[in-house]
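**Q** Mind looking at a prediction? Sequence and model below.
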Amino acid sequence: MNCKRVALLAVMTALCVGIQLTPRPPNVEATSLICFSVGFLFGAGFGALLGALTMFINGFLSPWGFAGIIMPYQMAGMALIGFTGGFYRKILGGNPNNVVNPTKTLRLEVSFLAAFLTLIYDIITNIGWALPSGVPIIIALIQGAWFTVIHVTSNVVFFGGAFFILVRIISNLLGGASWNSPKEV
C-alpha cells in the first residue's frame, strides 16, 4: 500500500470513528454508507479494511461501552459492507454515468443492498453476542429485532438518499481519477 492509500485509510478511518463517537440514536449510523462508498471507489479490499479498522477502533472508544466479545463480529460485518461496495462497482462495470445520473432502478438497487447488508450485519453481531453469552440465537435475534428495524430503515434512507451524491462528490474531488482504477488512487 502506497503512502496516498495509507493516508486515505487513516483519514477515512478517523472520519468513520468520529461519526461513530458522535451522539446519535442507537443503530443510526453513517459508517456503513462510508465503508460501502469507499469500497465502491477504491476497491473491495480497501473498503473491507476500512470497515474492519473502523469497528476495531470503535470497539475501544464507543460511547456505548467497550465492544468486548462482539468486536470481531462487528469488524467482520462492516468489512463485508466495505467489500460489497467494491464488488458492486464491478457489477456496474465502473461506468461513471451510472453514478452521475443514477436511474430510479439503481437507487432502489442501492437501497435494497443497504437493507440486505444491514440485516446481515445485525445477524452476524447478534449471533456474536448470543454464542458466548449462552443465549439461544433465536432469542438474541428476537431481542435485537427492534434495533435491527431501526438500523435497516436508517441505512436504506442514507444509502438511497446519499450514496450517489457522496460518490459523485468524492469523484469530483479526485478529478475523475477514481474511475480509472480503484487501485491507482
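**A** Good, I have the coordinates.
**Q** does residue 102 count as helix, strand or coil?
**A** Secondary structure, DSSP: H, G, I helix; E, B strand; the rest coil: residue 102 is coil.
**Q** so how far is residue 165 from it?
**A** Going from residue 102 to residue 165 by CB to CB, to the nearest Å gives 10 Å. For every residue, glycine as well, the C-beta is placed using N, CA and C.
**Q** Neighbour count for those two, which is higher?
**A** residue 102 (19 against 12; other CB atoms under 10 Å).
**Q** and that one, what are its phi and psi?
**A** Torsion angles at residue 102 (phi, psi; degrees, to the nearest 10) stand at phi -70, psi 140.
**Q** In contact with it, which residues?
**A** Going by CB atoms under 8 Å, 6 or more residues apart in numbering, residue 102 touches 110, 164.
**Q** what about it, distance to residue 22?
**A** Applying CB to CB, the value for residue 102 to residue 22 is 28 Å.
**Q** repeat for residue 157
**A** From residue 157 across to residue 22, the span is 17 Å (CB to CB).
**Q** Compare these two (neighbour count), which wins?
**A** Shown here are residue 157 and residue 22; by other CB under 10 Å, residue 157 has more neighbours (14 against 10).
**Q** What about the residue lying closest to residue 136 once chain neighbours are set aside, how many residues nearby?
**A** Excluding the flanking residues, the one nearest residue 136 by CB to CB, 6 or more residues apart in numbering is residue 130, at 6.8 Å. Using other CB under 10 Å, residue 130 is surrounded by 19 other residues.
**Q** got the buried residues for the helix or strand hosting residue 108?
**A** Here residue 108, judged by DSSP states H and E, is contained in helix 104-133. Using 16 or more other CB atoms under 10 Å as the test for burial, helix 104-133 gives 109-111, 113-115, 117-118, 121-126, 128-130.
**Q** Now do stretch 110-125: distance to the chain's middle.
**A** Here stretch 110-125 is found 10 Å from its chain centre; the criterion is CA atoms, centre = their mean, to the nearest Å.
**Q** and the nearest residue to residue 82 once chain neighbours are set aside, what element?
**A** Nearest in space to residue 82, with sequence neighbours left out and distances taken as CB to CB, 6+ apart, is residue 47 at 2.9 Å. Residue 47 is part of helix 44-61, with elements assigned from DSSP H and E.
**Q** residues of whichever helix or strand residue 153 is part of that come out buried?
**A** Element membership of residue 153, judged by DSSP H and E, is helix 145-173. Of all the residues in helix 145-173, those buried under the rule 16+ other CB under 10 Å are 148, 150-152, 154-156, 158-160, 162-164, 166-167, 170-171.
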